[in-house]
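Student: Structure, please.
(one chain, ligands or ions: 1)
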Amino acid sequence: MSALNGFDRIAIIYDLLNRMVFGSAVRRAQAHYLSHIPARSHLLILGGGSGWLLAKITAAIPDAEIWYIDASQKMIGLSIKRTNAASRVHFIHGTEEDIPASISFDVIITPFFLDLFEEETLHRLIHRISRSLRGGGIWLAADFVNNHTWWQRLLLKVMYSVIHRMCRIEARKLPGWQSCLQKNGFIKMKSKFFFAGFIESTVFHRAAESAI
Ligand SMILES: C[S@@+](CC[C@H](N)C(=O)[O-])C[C@H]1O[C@@H](n2cnc3c(N)ncnc32)[C@H](O)[C@@H]1O
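Tutor: A predicted model of the protein is given here:
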């Protein structure tokens, strides 16, 4: 990948901006279900960002082998600097197209990643990613959710208008990422809300027999 990714422009201040708006909610949502990752897992993290979550995972699950894919070279650079377990992490500057075909993952993690795409793309993307998940595997997704209060609708509008332009993401509004997962054969097993219901952390599970 050589083209400049929109997140390269803000990689260095991304975490700070996030904390200024959401406090610790984004981090708490991403970390909430990490205890569901089995020991010695093969783990795929897509759009992991600056690497703080990766550091948390490598510390909490010492035997996991991790493939860490992000489309931003700067985010990958920050993550490499942060990691204390480089021998167990395969860093890939790329996208879902670069998921190694030979690996059947136990767990897929998409932290604030599915919200970047329009629904049509998201269907294809989830289908593509899910081919790499073994039957019975889990998908941990944390993201914004549609909701009904005026301030959440306003915040979503502002966020999408800024991020669409600044980071050149495809989506202009929040896609129905949970229904896309469900249409691809995933079942929501657990869920917890953060930031007054604006953020949801979820565990999706794919039954072994519905492997695509
Ligand atoms: C909204 S940020 C979330 C970062 C991090 N997960 C967090 O919550 O702090 C989305 C991340 O996804 C990456 N990204 C965007 N499109 C991608 C793609 N198609 N494949 C992999 N990563 C992508 C961006 O470079 C960015 O690091």
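
Student: Return the residues of the protein in contact with the ligand.
Tutor: Residues of the chain that fall close to the ligand, judged by C-beta under 6 Å from any ligand atom: 5, 7, 18, 26, 46-49, 69-72, 75, 95-96, 111-113, 116. No exception for glycine: its C-beta is placed from N, CA and C like everyone else's.

Student: residues in contact with Lys56?
Tutor: Applying C-beta atoms under 8 Å, 6 or more residues apart in numbering to Lys56 gives the contacts Ala31, Leu34.

Student: Against the ligand, how distant is it?
Tutor: Using C-beta to the nearest ligand atom, to the nearest Å, Lys56 is found at 12 Å from the ligand.

Student: Please identify the helix or strand for that residue.
Tutor: Applying DSSP states H and E as the criterion places Lys56 in helix 52-60.

Student: Off-centre distance for the helix or strand following that helix?
Tutor: Next along the chain after helix 52-60, taking DSSP H and E as the criterion, comes strand 65-70. Relative to the centre of its chain, strand 65-70 is centred 11 Å away, using C-alpha atoms, centre = their mean, to the nearest Å.

Student: for strand 65-70, what is the average pLDDT?
Tutor: On average, the pLDDT along strand 65-70 is 98.

Student: Begin at 255, not 1, for the rest of this chat.
Tutor: Yep, numbering from 255; the last one is strand 319-324 now.

Student: So what are the sheet partners of it and their directions?
Tutor: Note on strand 319-324: by DSSP bridges, its sheet partners are strand 296-300 (parallel), strand 343-347 (parallel).

Student: Give me the mean pLDDT for the next helix or strand after the last one.
Tutor: Tracing the chain past strand 343-347, the next element assigned as helix or strand by DSSP H and E is strand 359-365. Here the mean pLDDT over strand 359-365 is 98, rounded to a whole number.

Student: what's the answer for stretch 397-406, then?
Tutor: 90.

Student: Kindly check the end-to-end length of that stretch for me.
Tutor: Start-to-end span of stretch 397-406 (C-alpha to C-alpha, to the nearest Å) is 13 Å.

Student: buried ones in it?
Tutor: For stretch 397-406, a neighbour-count test (16 or more other C-beta atoms under 10 Å) marks Asp397, Phe398, Val399, Asn401, Gln406 as buried.

Student: Quickly list what the residue nearest in space to the middle of the chain is bridged to.
Tutor: Nearest to the geometric centre of the chain sits Thr364, at 2.0 Å (C-alpha atoms, centre = their mean). Taking DSSP bridges, one finds Ala395 as the beta-bridge partners of Thr364.

Student: Next up, the contacts around it.
Tutor: By C-beta under 8 Å, 6+ apart, the contact set of Thr364 is Ile299, Leu300, Gly301, Ile383, Trp393, Leu394, Ala395, Asp397.
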